[in-house]
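Chemist: missing the sequence, but the structure's below:
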C-alpha cells in the first residue's frame, strides 16, 4: 500500500540500546496488582433463588461497578518516545505504547545478545502502568539498515542503496544465508525470553519499509531487497511454533500475492496471527484496505487474534480529523473500529488534535468491555453472568474471582455480545467480586460494569 507518510510534529520512536552478551531471562515476571478490587458486593436480600449447592441455596447479590479508564491492552496508542512530558502519557486515556526495535541495538556479534536496554525500555513503559507493542524492523526510508554490524561486515553480504520517499534508503541483502539464519534466531531468542512477559501486550512482524509488508517506493526484488516467499514461509511457521502466549500480527498488506506467500498457502493463513492496518480511516479505506481485511477472513480471525493498526498519514487532514466525533470520509472512528473488531490503534499525533477526554472515549470504544449481569452465591459457591459488550474478545486469560478464588473458566475468548456463566468455588454473605489477570503490569486492572 502506498502510504505517503507526513511526519506532523512527530518524534520518531526508534528504540536502541547498547550491545553485549547477556541472554538470561528477566528475574521479575512483571506481574502487578492485577486483582485490585473493582466492587464491594454486600447484600442481604436473602431469598432462596438459584440452584442449591453444597453451601445451601443461591442468593442474588448486589454489585455496583463502572469502567472508568481505557482497559488494559486496548485503545489509542502513543509512541514510547513521545509525549513524555505531557500528562496524557501517565493518564488513564491510554494503556499501550509503541516502538520500533532495531535488531542491531541488541546484537553486534554472532549469537551475542544484550537485552538490558530493551528491558529498560519495557520497564519505562510499565512504570506508567502501560504495556508495549513492539515491531522489529530493518528498513526505514532515509536510513541505513538495522542489520547487525557483524553481518554487514561479511565479504559476500551486499546491501542495496536506493531511493524511497525521495530519500537515500538502504535495503538488506536477503540473499545472504546468515541474515536469514539470524532472523530466525532473533525471534527464537525473543520468544524464549518474552513470550509470557506481561510488559509486552502484542508483537507486530513483517518485512520491507517499516516492516509493513511492502516496498511501494524503491527496489523490491523478492529474494534480494525483500525476502523470498520460501523464506517468509519458513519464518512465519517458525515464529508460530515459538510463541505460545504472546499474540503477534502482520500487516494487511501481506494479502498481496506480489510480496507474500499467503495467497497460495491456506495452511499459512490458518496460523494464529492478528492483523494491523497502517492507514486506518483514510478516504479510500473501503477499497484496497477492506479487500485486504477480507482476504484474511477478518471476521473469523478476530475471534482468536487481535486487530489493530495506525491512523492514516495519507494526508494531514486524516491525522487532524480521524478522531472527530462526527467522523471523516463518511464514517466515524467508532463505526470503522467496530467493523473490523479493532483492539488498539496507534494515534501518536492525536494529542495535537484532540482532547484527552476524546482520546479516552475513542480508546474506550476499542477492544473488550465486560459487564456483570448477575451475581449469585451460597455459603460456599458463586455464579457470575458476564457479558462482553465491547467489539473484540479479551485475548489473554483472565478470571472472575470471588474473594480471590478464580472461576473454573477463563474470560479469554468471550465474544462481543456473548454472555457466559462462570462458577466459582467461593461464596458467603458479603463476597468481593474482581477480575484477575496475570498478563498485567503493576497498577493495571480489568474493570467491569454492573448495576445490580
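Modeler: Thanks, I have it. Remember, predicted model here, so these are calculated numbers, not experimental data.
Chemist: residues contacting residue 214?
Modeler: With contacts defined as CB atoms under 8 Å, 6 or more residues apart in numbering, residue 214 is in contact with 1, 208, 251, 253, 256, 259. All C-beta atoms are positioned from the backbone trio N, CA, C, and that covers glycine.
Chemist: for the stretch 251-400 of the chain, what spans make up the strands?
Modeler: Using DSSP state E, counting those that start in this stretch, the strands of the stretch 251-400 of the chain run over 274-280, 307-311, 344-346, 370-377, 382-388, 399-402.
Chemist: mind checking how far residue 156 is from residue 374?
Modeler: According to CB to CB, to the nearest Å, residue 156 stands 68 Å off from residue 374.
Chemist: Between those two, which has more neighbouring residues?
Modeler: Neighbours were counted for residue 156 and for residue 374 using other CB atoms under 10 Å; residue 374 has more, 17 against 9.
Chemist: The more buried one reaches residue 60, doesn't it?
Modeler: Yes. Shown here, residue 374 and residue 60 form a contact pair, counting by CB atoms under 8 Å, at 7.0 Å.
Chemist: these two touch, right, residue 441 and residue 128?
Modeler: No. Taking CB under 8 Å as the definition, residue 441 is not a contact partner of residue 128, at 9.2 Å.
Chemist: When those two are compared, which one has more neighbours?
Modeler: Under the criterion of other CB under 10 Å, the comparison of residue 441 against residue 128 puts residue 441 first, with 27 against 18.
Chemist: How about that one, nearest residue that isn't a chain neighbour?
Modeler: Nearest residue to residue 441 in three dimensions, chain neighbours excluded: residue 126, at 4.3 Å (CB to CB, 6 or more residues apart in numbering).
Chemist: which of the residues in the helix or strand harbouring the one you found are buried?
Modeler: Residue 126 is part of helix 116-127 when elements are defined by DSSP states H and E. Along helix 116-127, these residues count as buried under the neighbour rule (16 or more other CB atoms under 10 Å): 117, 118, 119, 121, 122, 124, 125, 126.
Chemist: want to try JSON lines for these, with pLDDT and distance to residue 331 as columns?
Modeler: Output for these, formatted as JSON lines (pLDDT from 0 to 100; distance: CB to CB, whole Å):
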{"residue": "117", "pLDDT": "96", "distance to residue 331": "41"}
{"residue": "118", "pLDDT": "97", "distance to residue 331": "38"}
{"residue": "119", "pLDDT": "97", "distance to residue 331": "40"}
{"residue": "121", "pLDDT": "95", "distance to residue 331": "35"}
{"residue": "122", "pLDDT": "98", "distance to residue 331": "35"}
{"residue": "124", "pLDDT": "97", "distance to residue 331": "35"}
{"residue": "125", "pLDDT": "97", "distance to residue 331": "31"}
{"residue": "126", "pLDDT": "97", "distance to residue 331": "35"}
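Chemist: which two in those are spaced the farthest apart?
Modeler: The span of the buried residues of helix 116-127, defined through CB to CB, is set by 117 and 126 at 15.0 Å.
Chemist: Show me which residues of stretch 374-391 are buried.
Modeler: 374-378, 381-388, 390-391.
Chemist: Tell me the confidence at the most centrally placed residue in the chain?
Modeler: Closest residue to the average C-alpha location of the chain: residue 202 at 3.5 Å, with CA atoms, centre = their mean. Residue 202 carries a pLDDT value of 98.
Chemist: Wait, a strand at it?
Modeler: Yes. Judged by DSSP: H, G, I helix; E, B strand; the rest coil, residue 202 forms part of a strand.
Chemist: Just give the closest residue to it, not the sequence neighbours.
Modeler: Counting by CB to CB, 6+ apart, residue 202 lies nearest to residue 133, which is 4.8 Å off, once chain neighbours are set aside.
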